[in-house]
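Novice: Let me see the structure of the following:
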Amino acid sequence: MKTFAHFMKCSASGTALSAAMLSAGVLLLTLHAALSFTAAETVHANGASTIIMDRVQGPYRMVVGIIPARPVIPQTHLAIQVFDASDERLLRDTDVQLHVIATGPPGTSIFGPKQVLNEQTLRYFEVDVPFQVIGPWDVSVSVSSHLGEEEFVLNLEVEEPRAGIQWVWITGLLVVIFAVGVWTWLTLRRRRNLA
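Specialist: Below is the predicted model:
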């Protein structure tokens, strides 16, 4: 009979362990979700891009997002939206022509002029801009249509890519540490109760 009682006591502590692990997991997922909402404003193209410019100039409103979140070498992806400033109508490559030119520090070659189309998605003009060195770069986006011509200039500070924090791994590690701590505490408590 003592064996059955011991089994029931172990099962009860195992249930407590499972409940503690579930609570810890829910808490950590909630924390992760809360931290995710504090990220920079994003626009969804073929991925989540960070908006670096939303400007009205002349007859156009241009919104530019980049992937990754900072301009880095060897290249940065631009996702560009062009709107008619008067009625906020989205313009496509049938309505406008878009060209991109990137100039960097002395000694670097100029990228472009490159015509940018919205082939992959109809909402975005997309282009990968190669940056050869870190430092200040000027990216010029020229727009022309029946509304007129306009040039938007982005002043970018190109950096080295950094390794990002892998929140999934950190969260998993914290769950494991918490689970081992709860398991150790329950084991020590069980041993004291048996003694």
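Novice: All the strands of the chain, residue numbers only.
Specialist: Assigned by DSSP state E, the chain shows strands spanning 42-44, 48-57, 60-67, 75-84, 89-91, 96-103, 111-116, 125-130, 135-145, 148-158.
Novice: what's the spacing between the residue nearest the centre of the chain and Arg190?
Specialist: Nearest to the geometric centre of the chain sits Ala48, at 5.5 Å (Cα atoms, centre = their mean). Applying Cβ to Cβ, to the nearest Å, the value for Ala48 to Arg190 is 47 Å. Every C-beta, even on glycine, is put in place using the N, C-alpha and C of the backbone.
Novice: looking at the strands of the chain, which is closest to Leu186?
Specialist: Closest of the strands of the chain to Leu186 is strand 48-57, at 41.4 Å (criterion: Cβ to Cβ).
Novice: what inclination does that closest one have with respect to strand 125-130?
Specialist: 110 degrees (axes from the mean of the first three to the mean of the last three Cα atoms, to 10 degrees).
Novice: Adjacent strands (with direction) for strand 48-57?
Specialist: Paired strands of strand 48-57, with direction, are strand 42-44 (antiparallel), strand 60-67 (antiparallel) (DSSP bridges).
Novice: before we move on, the earlier item: from what I see, the residue nearest to the centre of the chain and His77 are in contact.
Specialist: No - using Cβ atoms under 8 Å, Ala48 is not in contact with His77, being 11.1 Å away.
Novice: residue contacts, Gly172?
Specialist: Listed by Cβ atoms under 8 Å, 6 or more residues apart in numbering, the contact set of Gly172 is empty.
Novice: quick one: pLDDT of it?
Specialist: pLDDT recorded at Gly172 is 86.
Novice: how far away is it from Gln166?
Specialist: 9 Å.
Novice: do the same with Thr94
Specialist: Taking Cβ to Cβ, one finds Thr94 at 42 Å from Gln166.
Novice: Please parse this structure into its domains.
Specialist: Domain assignment of the chain by automatic domain parsing yields the ranges 2-37+165-194, 42-158.
Novice: which stretch in those domains is the model least sure about?
Specialist: domain 2-37+165-194 (a mean of 70).
Novice: ends of stretch 61-75, how far apart?
Specialist: 25 Å (Cα to Cα, to the nearest Å).
Novice: ok so, going back, any shared contact partners between Ala48 and His77?
Specialist: Contacts common to Ala48 and His77, judged by Cβ under 8 Å, 6+ apart, are Ile67.
Novice: thinking Asp93 is in contact with Leu117, fair?
Specialist: Yes - in terms of Cβ under 8 Å, Asp93 counts as a neighbour of Leu117; the distance is 4.9 Å.
Novice: Next, show the common contact partners of those two.
Specialist: What both Asp93 and Leu117 touch, as defined by Cβ under 8 Å, 6+ apart, is the set Phe125.
Novice: Compare neighbour counts for these two and give me the winner.
Specialist: Applying other Cβ atoms under 10 Å to Asp93 and Leu117 shows that Asp93 carries more neighbours, namely 15 against 12.
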